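Colleague: Need a 3D model of the following:
(4 chains)
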There are 2 protein chains.
Amino acid sequence: MREKELRRSMSVLPIGTVMKLTDLSARQIRYYEQQDLIKPLRNEGNRRMYSLNDVDRLLEIKDYLADGLNISGIKEVYKKQSQLEDERKRNMKKGLTDSDVRKILQDEFLNIGGLKPPSSTFDDPNNFSKFNN
Amino acid sequence: MREKELRRSMSVLPIGTVMKLTDLSARQIRYYEQQDLIKPLRNEGNRRMYSLNDVDRLLEIKDYLADGLNISGIKEVYKKQSQLEDERKRNMKKGLTDSDVRKILQDEFLNIGGLKPPSSTFDDPNNFSKFNN
DNA sequence: AGCTAATGTCATGTTTTGTAACATGAGTAG
DNA sequence: CTACTCATGTTACAAAACATGACATTAGCT
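Modeller: Numbering: from 1, shown residues only, chains lettered A, B, ... in the order given. All right, here's what the predicted structure looks like:
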C-alpha cells in the first residue's frame, strides 16, 4: 500500500500525455498550475512531468469547475483538505515511539531507489477518475 | 482486475520517461524494437509511446541480457511464451479447465526452464491507441 | 457598458525524439 | 592473429513537443 502510493506520485508523464488522459488543453493545465492547484515537477530540460496523482487532481478540478465552483473555491477545498491531513499526521506521530518514527523514515528512504521488476502493480482500483483519496 | 491490465497496456510513456524507468539508453530501447522484442505504438507525431507492460518487458530483456542470453535467445523465449499462450487459449475454448491445461503443458514448460509467466500483450488489443491522439 | 475569470491563439525559442550512418569494444570462428 | 558479428555509442540533421509571454475571446457578473 506504500509502494502503490509511491508509484502514483512518480512524475513521469509529459503534458501531452496528460492532455489526452484528462481531455484538458495545455493552456488549462498550465493555468491550474499557475493558480497553485497542481505543482508538477520539471525534468532537466524544464519540461513539466506529471504523476498519476496529478492526473487525478486535474480530473477533480475539472469536475469542480463543471459544478460551478471557481478556482479560488477549489483552492479553498484543497487548503482545507491539507489542513486536515496535516493534523492527522501530527496526531499519528505523537502516538509513536522514536524508533517507530526512525523506522518509518528509513523505510521511505529505501523505497525511493527505483522501480521494482514487473510483478508490482501500477493500478488503483478506486482512484483514477473521481473524488477519492 | 480487468481494468488493471487495461491500464498497464495504455501507451502513454514517451521514450525519455522509459529511459529513466529502465535505465536503458534510447539507442538500446530502439534497438530492441528493431529486433522485434517490443512494439511501442506511435502517436500522430510518430513518437514512440510505451505502456507499463513495455517497461516490464524492457526490464526483463535487460535481465536476460545480463544473464548471458543474446537477442535471438530472448526472441525464442518470447516466441515460445506466446505459443504456449495461444495453445492455452485454444484449449480453454475446447472446454478444458485451467489446471488440466497446466498438466498438459508441463513438459513444454520444463523445456524452457526458469521463466516467468507470460506477461504483456503486444499489439494494443484493447484499442488504447485512442489515447494517442 | 465595463470588469473579471477561464481559456484560446500566436510567435519565438529550447528540448526531445526521429532516422540514418558510422564507430567501437567484446566475444567468437576460422 | 584476423575477420566477423553483436550490442551499443556517437554524431548530424529534421520534425515534433513543450515553455513562455502577449494578446484575443467568451460568458457571467455588477
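Colleague: Around DNA strand C, which positions in chain A sit nearby?
Modeller: Counting by C-beta under 7 Å from any atom of the strand, chain A comes close to DNA strand C at A:25, A:27-28, A:31-32, A:35, A:43-47, A:65, A:70-72. C-beta here means a position set from N, CA and C on the backbone, and glycine is covered the same way.
Colleague: Which single one of those is nearest to chain B?
Modeller: A:Asn43 (7.5 Å; C-beta to the nearest C-beta).
Colleague: looking at chain A, which helix or strand is least sure?
Modeller: Least confident helix or strand, chain A: helix A:98-111 with a mean of 40, by mean pLDDT, DSSP states H and E.
Colleague: average model confidence for the top helix by length along chain A?
Modeller: The helix that spans the most residues within chain A, counting by DSSP state H, is helix A:71-94. The average pLDDT for helix A:71-94 rounds to 87.
Colleague: before we move on, the earlier item: may I ask which of the residues of chain A next to DNA strand C has the most neighbours?
Modeller: Highest neighbour count within the residues of chain A next to DNA strand C, by other C-beta atoms under 10 Å in any protein chain shown: A:Tyr32, with 20 neighbours.
Colleague: With just CA atoms, put the strand or helix carrying that one into CSV.
Modeller: In the assignment (DSSP states H and E), A:Tyr32 maps to helix A:26-34. Output of helix A:26-34 as CSV, limited to C-alpha atoms (Å, rounded to 0.1, in the frame of the first residue of the first chain):
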residue,chain,number,x,y,z
ALA,A,26,-2.2,22.5,-22.3
ARG,A,27,-3.3,26.0,-21.6
GLN,A,28,-5.8,24.9,-19.0
ILE,A,29,-3.3,22.6,-17.3
ARG,A,30,-0.6,25.3,-17.1
TYR,A,31,-3.2,27.7,-15.9
TYR,A,32,-4.2,25.5,-13.0
GLU,A,33,-0.6,25.2,-12.1
GLN,A,34,-0.3,29.0,-12.2
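Colleague: following it, which helix or strand comes up?
Modeller: Downstream of helix A:26-34, the next assigned helix or strand under DSSP H and E is strand A:41-42.
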